[in-house]
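Novice: Build me a model from this:
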Amino acid sequence: MKSTYDFLDELFQGRNLETDGELIRKEIENRYFGASQKAIMVAFRDAQRRFRLYKKGVRGDNLTRQDELSTSPG
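Specialist: Numbers count the residues shown, from 1 in each chain. The predicted structure follows:
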């Protein structure tokens, strides 16, 4: 049986956080039944959010939801 690390490594290798997000979420839901499934989903969503902010030019370790709102146009 694969370890969680091996599963996640295989899952994310060669995937794009922007374009493959739905595929990655479905893979986690359908193939990972460990107790940490919810935590993995939360971490993945946060990684996507931080990546979007990074692309907008927001930098730093303390990115918050407020940072995302303040960089939105309008």
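
Novice: show me where this protein has helices.
Specialist: In the chain, the helices defined using DSSP state H lie at 4-12, 21-31, 37-56, 65-70.

Novice: The longest one vs helix 4-12, what angle?
Specialist: Think helix 37-56. If you take axes from the mean of the first three to the mean of the last three C-alpha atoms, to 10 degrees, helix 37-56 sits at 50 degrees to helix 4-12.

Novice: chain center to helix 37-56, what's the gap?
Specialist: 3 Å (C-alpha atoms, centre = their mean, to the nearest Å).

Novice: Over to the second one?
Specialist: For helix 21-31, the distance between its averaged C-alpha position and the chain's averaged C-alpha position is 11 Å (C-alpha atoms, centre = their mean).

Novice: go on, the first one?
Specialist: A distance of 13 Å separates the C-alpha centroid of helix 4-12 from that of its chain, computed with C-alpha atoms, centre = their mean.

Novice: can you list contacts of it?
Specialist: 2, 24, 27-28, 31-32, 34, 36, 40 (C-beta atoms under 8 Å, 6 or more residues apart in numbering). For glycine as for every other residue, the C-beta is placed from the backbone atoms N, C-alpha and C.
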